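In: fold the following for me, if possible:
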Amino acid sequence: MGRIIGIDLGTTNSVCAYMERNEPRIVINEEGGRLTPSVVGFTKNGERFVGDIAKRQMLINPDATIHSIKRFIGRRYRDATNDLRLVNYQVSEAPNGDCAITVNGRSYSPQELAAMVLQKIKKSAEDFLGESVTEAVITVPAYFTDRQRQATRDAGTIAGLDVLRIINEPTAAALAYVHDRKKASTIAVYDWGGGTFDISLLEVDRDVAEVRATRGNNALGGADIDRRIVDWLLDRFSSEHGLDVSQDKIVMQRLRDAAERAKLELSSAPTTEIHLPFLVSDQSGPKHLQVSLTRATFETLAEPLFQKTVEECKRALLDARMDVRDIDEVIMVGGSSRIPRVQDLVRELFGRPLNKTFNPDEVVAIGAAIQGGILEGEVKAVTLLDVTNFSLGIEVQGRRFARLIPKNSTIPTQKAQLVSTVVDNQRTVKIHVLQGESGDARENVSLGEFELQNIQPAPRGVPRIQVKFSIDANGIVNVSATDLRTGVADEIRIDAPTGMSRVEIDRLREEAAQASRDEDEGREFKVLRNDVEKELVTLEGFLRENRGLLPKQDIFELEQALKRGRMALLKAADGRNLQSLMGYLQRFHQHLTEKLEQQARLH
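Out: Numbering: from 1, shown residues only. Okay, the predicted model is just below:
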């Protein structure tokens with residue numbers, strides 16, 4: 001087993017960590033940063049950029065710059081329509097009902113785009129560590145559904161990673177917190193990032209970390225706070241100029257950037273200036289936007305969102321049958337947790353000082369790396385007892401949902417229930433497995449279905465069919481059904497299908513690997529072109545400085561070599577010709593240098 005990396009695949013930024021001598025370390029990416037923007041950008045000629053360089057093109061090419069991918073991964077289009085106003089690019093419904101993102105006429109699944117971010121992280125880790133990386137632990141929001149978890153795993157597979165474990169972000173943060181720590185305590189992990197919110201309550205004692213309850217909202221993050229500021233700016237601009245600019249993608253991207261900057265500045269200052277010159281122009285001339293946003297106004301705009309997180313915290317306490325006095329410490333995770341008003345509300349709710357030991361942007365990746373170290377056997381094992389984030393059950397007569405395993409049940413776990421037929425002499429029973437909290441089966445998420453056949457004919461209600469659910473430590477669900485009279489049985493293993501077949505995932509993985517190879521070759525080609533260009537410039541300088549010392553024949557040959565080099569540089573389509581040209585120019589340069597040195601010694 002090689003080194004296992006831990007990845008926090010974030011909505012806004014992603015972070016990678018690894019273990020070194022029992023201590024977690026953050027991977028520094030190719031740009032020298034600790035955070036990698038979770039952004040993928042495309043140019044019209046098909047080039048692809050990931051990370052900082054992609055983020056920089058958002059203002060000039062917003063419809064071909066994909067951000068907030070995590071908001072759409074593993075989700076049905078009908079459930080994600082409210083998130084469309086947070087992005088400029090085109091999101092539509094795929095044939096399987098999932099979200100699809102169209103760029104330059106090509107449709108991508110969110111898994112493909114997330115895989116591009118993971119591939120960038122994988123490459124950065126390999127460059128930083130100086131070794132191949134194939135295994136990873138990836139974190140997800142605690143309130144991700146099984147479909148979203150599996151979609152994240154699929155993204156890792158497409159990126160060329162063997163995803164050993166998918167763990168909840170707050171649980172990972174708690175794991176980082178209890179690493180090499182002896183003190184027993186009850187912890188609340190308040191995790192508010194760019195796209196999602198989670199609250200988890202855990203009891204930790206030396207080698208055991210048990211999640212008591214988790215709540216969250218997968219469509220509540222920093223981007224939603226930014227949108228409140230954007231709407232306020234739109235109203236101010238409309239009031240001043242009488243123009244609605246909400247359909248202009250470039251304008252909207254400028255407003256989003258300004259809103260994000262203002263939000264960050266208001267974490268440390270009571271007021272901030274938002275100045276956007278030449279926002280639009282009409283027949284009367286250019287229109288500018290310049291306003292002051294105070295922290296008080298900002299807090300008023302975002303207060304409903306802040307209160308939503310507080311309500312989720314209160315529900316988590318109820319689910320865990322805990323009182324705020326039972327909480328010993330509160331860990332703040334995620335960029336949005338830095339907002340002063342948010343910290344005040346959390347401090348007021350729990351009545352405890354906030355633990356700021358860790359960088360809120362990095363603590364989740366650190367926890368994932370520790371989990372990887374445990375799997376490697378390099379880190380002292382911590383028993384991690386997580387919980388189900390949603391209830392699991394089956395559909396019964398009247399399209400009702402029969403809950404078999406309630407949410408917040410500690411996993412691994414199993415539960416059995418007896419069902420029967422609904423009509424006389426029924427020979428088959430369909431078992432429809434669902435996840436959710438609604439009593440109406442149609443409002444919950446379908447995880448799969450199968451049929452138990454060859455049931456002995458009998459009056460309705462007589463057959464006794466035992467349906468058994470089991471969930472392992474990885475959250476994989478197995479459902480079996482057995483006719484207790486005859487012993488006829490069937491079962492289904494639910495890996496939370498996401499609409500992507502194994503064949504499709506394998507195809508995309510090979511495409512991604514080939515794209516990575518092409519990018520490496522392209523990068524090497526650019527470096528080689530640059531080296532040849534430098535050598536030509538050096539030779540031109542050599543000729544200028546030594547023209548009076550060189551024989552006419554050498555001058556002629558050098559001028560011809562420079563001419564051929566420039567022509568070859570213009571026509572080069574790959575690195576083979578440039579490599580031989582580079583060798584020729586270096587040898588020719590060395591030959592002339594040695595010749596001049598000989599002349600100098602003779603004189």
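
In: helices of the stretch 451-600 of the chain, residue ranges please.
Out: Assigned by DSSP state H, counting those that start in this stretch, the stretch 451-600 of the chain shows helices spanning 502-546, 552-571, 575-602.

In: including mean neighbour count, could those go into JSON lines?
Out: Bear in mind the C-beta positions are built from the backbone N, C-alpha and C, glycine included. Shown next, in JSON lines, are the helices of the stretch 451-600 of the chain (neighbours: other CB atoms under 10 Å):
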{"stretch": "helix 502-546", "mean neighbour count": "14"}
{"stretch": "helix 552-571", "mean neighbour count": "14"}
{"stretch": "helix 575-602", "mean neighbour count": "14"}
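
In: for those helices, which one sits closest to Ile366?
Out: Between Ile366 and the helices of the stretch 451-600 of the chain, the shortest gap by CB to CB is with helix 502-546, which sits at 26.6 Å.

In: pLDDT (mean, whole number) over that closest one?
Out: Mean per-residue pLDDT for helix 502-546: 73.

In: cool, and stretch 251-264?
Out: Taken as a whole, stretch 251-264 has a mean pLDDT of 94.

In: Ile366 and Ala176 touch, don't they?
Out: Yes. Between Ile366 and Ala176 there is a contact under CB atoms under 8 Å: 4.2 Å.

In: show me whatever sits in contact with both of those two.
Out: Taking CB atoms under 8 Å, 6 or more residues apart in numbering as the criterion, Ile366 and Ala176 both touch 24, 358.

In: one step back: nearest to Arg227, of the helices of the stretch 451-600 of the chain?
Out: Nearest of the helices of the stretch 451-600 of the chain to Arg227, taken as CB to CB: helix 502-546 at 31.5 Å.

In: where does the protein dip in pLDDT?
Out: Applying pLDDT under 70 to the chain picks out residues 1, 180-182, 381, 473-476, 492-503, 505, 512-513, 515-525, 571-577, 602-603.

In: for it, what spans make up the helices?
Out: For the chain, the helices defined by DSSP state H occupy 52-56, 110-129, 146-158, 169-178, 222-241, 249-265, 295-319, 340-350, 363-376, 502-546, 552-571, 575-602.

In: columns distance to Gly461 on top of the ones you listed, output as a markdown table?
Out: Output for the helices of the chain, formatted as a markdown table (distance: least, CB to CB, whole Å):
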| stretch | distance to Gly461 |
| --- | --- |
| helix 52-56 | 60 |
| helix 110-129 | 44 |
| helix 146-158 | 32 |
| helix 169-178 | 43 |
| helix 222-241 | 49 |
| helix 249-265 | 59 |
| helix 295-319 | 35 |
| helix 340-350 | 49 |
| helix 363-376 | 48 |
| helix 502-546 | 40 |
| helix 552-571 | 82 |
| helix 575-602 | 75 |
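
In: ok, which of those comes nearest Ile28?
Out: Using CB to CB, the helices of the chain put helix 110-129 closest to Ile28, at 5.7 Å.

In: the closest one: how far from the chain's middle?
Out: From the chain centre to the centre of helix 110-129 is a distance of 10 Å (CA atoms, centre = their mean, to the nearest Å).

In: picking up where we left off before, and of the helices of the stretch 451-600 of the chain, who's closest to Ile53?
Out: Closest approach to Ile53 among the helices of the stretch 451-600 of the chain is made by helix 502-546 (12.4 Å; CB to CB).

In: one step back: so which of the helices of the chain gets nearest Ile26?
Out: Between those, helix 363-376 lies closest to Ile26; by CB to CB that is 6.9 Å.

In: in this protein, where's the longest strand?
Out: strand 271-282 (DSSP state E).

In: centre of the chain versus stretch 141-153, how much separation?
Out: Offset of stretch 141-153 from its chain centre (CA atoms, centre = their mean): 11 Å.

In: ok, residues contacting it?
Out: So stretch 141-153 is contacted by 9, 73-75, 110-111, 114, 138, 140, 163, 166, 168-171, 191, 193, 196-198, 200, 214-218, 389-390, 435, 445, 447, 475, 477, 494-498, 500 (CB under 8 Å, 6+ apart).

In: same question for stretch 28-41.
Out: By CB under 8 Å, 6+ apart, the residues outside stretch 28-41 that reach it are 9-16, 26-27, 48-55, 57-58, 61, 64-70, 113-114, 116-117, 120-121, 123-124, 127-128, 361-362.

In: for Asp244, which non-adjacent residue is closest in space?
Out: Ser238 (5.9 Å; CB to CB, 6 or more residues apart in numbering).

In: number of nearby residues for that neighbour?
Out: As a burial measure, Ser238 scores 13 neighbours (other CB atoms under 10 Å).

In: shouldn't it be in contact with Trp232?
Out: No. With contact defined as CB under 8 Å, Ser238 does not reach Trp232; the gap is 10.8 Å.

In: that older thread, show me which of the contacts of stretch 28-41 are buried.
Out: By neighbour count, with 16 or more other CB atoms under 10 Å, the contacts of stretch 28-41 hold 9-16, 26-27, 49-52, 54-55, 57-58, 61, 64-70, 113-114, 116-117, 120-121, 123-124, 128, 361-362 as buried.

In: about what we covered before: and of the helices of the chain, who's closest to Gly487?
Out: Of all the helices of the chain, helix 146-158 sits nearest to Gly487, with 29.9 Å by CB to CB.

In: what residues of the longest strand of the chain count as buried?
Out: Neighbour-count burial for strand 271-282 flags 272, 274, 276, 279-280 (criterion: 16+ other CB under 10 Å).

In: is it possible to get CSV of these that adds distance to Ala258?
Out: Formatted as CSV, the buried residues of strand 271-282 follow (distance: CB to CB, whole Å):
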residue, distance to Ala258
Thr272, 10
Ile274, 5
Leu276, 6
Leu279, 10
Val280, 14
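
In: rewinding a little: can I get the helices of the stretch 451-600 of the chain in CSV with distance to Leu375?
Out: Putting the helices of the stretch 451-600 of the chain into CSV (distance: least, CB to CB, whole Å) gives the following:
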stretch, distance to Leu375
helix 502-546, 22
helix 552-571, 50
helix 575-602, 40
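
In: from the buried residues of strand 271-282, pick the one nearest Phe298.
Out: When the buried residues of strand 271-282 are ranked by distance to Phe298 (CB to CB), Thr272 comes first, at 8.6 Å.

In: look up how far Arg295 lies from that closest one.
Out: 8 Å (CB to CB, to the nearest Å).

In: go on, Arg315?
Out: With CB to CB as the criterion, Arg315 and Arg295 are 28 Å apart.

In: between the two, which has more neighbouring residues?
Out: Between Arg315 and Arg295, Arg295 has the larger neighbour count (other CB under 10 Å), namely 18 against 14.
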